[in-house]
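>>> okay, predicted coordinates and the sequence, questions at the end:
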Amino acid sequence: MLEEHRLRLLSAMTDGGLWPADSPWVREAMEAVPRDLLAPEAVHVWTGERYEAVRRAEAPEAWAAAVHPGPYGSTVTQVTDSMPTSSISCAAIVATMLDSLALEPGHQVLELGTGSGWNAALLAHRTGQGHVTSIEIDAELAARAHRCIEAAGHQVRVITGDGDAELPEGEAFDRVISTYAVEDVPWAWVERTRPGGRIVTPWGHTGCVALTVADDGASATGWMQAPARFMPTRRTGRPPAPFERVRGGGGGLPAQFPRDVDQLARPDVLFALRVLLPDVQIDTRAAQADGQITAWLGDGRSSWAVLQQAGTDVNAHRGGERNLVDEVTRAWAVWEERGAPGMYDFGLHLTPDADHVFTGDDPHGPRWQPLAYAL
């Protein structure tokens, strides 16, 4: 039964053409280190209303299905205050990020966000034993991951700490990879990466970027690699992602949205809006049985909007200090005025003092600045 689910996921990756051609080791690693070796005895499944635990001992078939979903399915491994706070990422994006890392045997790797330990074990499978250091802010998760990684036959140094700031002193790495999303790539990551090394991380809440550190170590530059949604950085005392707290709406003021709501799900649109409105989160839901498409907007504080479309009719409501419907409409127009570049046209350039987003091949070319909003 478990083997069937393992093979089904691997076959789906093959059928979808999702194995990176330039990194055949990724497939070999995923075949040698299946997700279930690192998954906890209880995982969590969304029922449509809440997350419910699925325990291996009680429901082995359901557990196996949850641990080995389709290539784009993640496995929630921890829920805190009704919010998911740790997961095993979907196989497709893990494969893409590992490919982007350009990892070679013998490389010294720093991973931020150990989670279940699956990604760390895949890294160790490639680099050889003892070359991977992984940092996890949750002490319980760190201890469990270390045990499971060892049980799977790999040696990874697992440290409990804040991957944004608490890095091993005096050490340099060939590769750095994060399994959680950051709004700003910490300069400390660049400082700990050797010149010419790579940093791969989810950036913002819509995609992942691969950066190369300059030969003089004074900057890092790279381009977006794939659309992706990851859990945000989770520093001590920081609450879970705030979107759930504002998307309910509850009435609000009517608003006008002159676009098709389903276009908000396009990766290129989502990424451009993230660049121009970095604090606005956008969540979309596919068409319901009645044909309705819904999108939620939120700034993580008090402003929100709900967009609903059935056929050609769009019903929009908003609340809070900011008019997020107008802001998204304006940002969309600015993106189109600038030629509507796709996600893969965007790059990120970091220096010790600042970072900026650009499009095209020149990191010193025209910059994309966040739009100001008026209250």
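Yes, it's here.
>>> correct me, but R6 touches P69?
No. Between R6 and P69 there is no contact, the gap being 11.8 Å when judged by Cβ atoms under 8 Å. From N, CA and C alone the C-beta is placed, and that goes for glycine too.
>>> what pLDDT does the model give G252?
What the model reports as pLDDT for G252 is 84.
>>> count of neighbours near it?
By other Cβ atoms under 10 Å, the residues close to G252 number 14.
>>> now for it: which residues touch it?
By Cβ atoms under 8 Å, 6 or more residues apart in numbering, the residues touching G252 are W304, A305, V306, H317, R318, G319.
>>> Provide the partner residues of the first one in its beta bridges.
Here W304 sits in beta bridges with G298, G319, going by DSSP bridges.
>>> what backbone torsions are found at the residue nearest the centre of the chain?
Per Cα atoms, centre = their mean, the C-alpha nearest to the average position across the chain is that of F230, at 2.4 Å. For F230, the backbone dihedrals are phi -120, psi 160 (criterion: degrees, to the nearest 10).
>>> correct me, but it touches P202?
Yes. Assessed by Cβ under 8 Å, F230 is found in contact with P202 at 3.9 Å.
>>> check the contact lists of these two and give me the overlap.
Shared contacts of F230 and P202, defined by Cβ under 8 Å, 6+ apart, are found at T179, Y180, A181, C208.
>>> for the residues you listed, which entry has the maximal number of neighbours?
Taking other Cβ under 10 Å as the neighbour criterion, T179 ranks highest of these with 27 neighbours.
>>> how near is R27 to L350?
32 Å (Cβ to Cβ, to the nearest Å).
>>> quick one: which of the two has more around it?
The neighbour comparison of R27 against L350 (other Cβ under 10 Å) goes to L350, with 25 against 16.
>>> that one: what's it in contact with?
L350 makes contacts with V185, W187, V190, L211, S219, A220, T221, as judged by Cβ under 8 Å, 6+ apart.
>>> and the last one, helix, strand or coil?
In the three-state summary, T221 is assigned as strand, counting by DSSP: H, G, I helix; E, B strand; the rest coil.
>>> just confirm it contacts L211, I think it does.
Yes. Counting by Cβ under 8 Å, L211 is a contact partner of T221 at 6.3 Å.
>>> who's more crowded, these two?
More crowded of T221 and L211, by other Cβ under 10 Å: L211, with 27 against 19.
>>> what's the closest non-adjacent residue to the more buried one?
G222 (3.7 Å; Cβ to Cβ, 6 or more residues apart in numbering).
>>> same check, this time on D99
P20 (3.5 Å).
>>> tell me how far that neighbour lies from M30.
11 Å.
>>> can you list residues touching both of the two?
Counting by Cβ under 8 Å, 6+ apart, the residues touching both P20 and M30 are A95.
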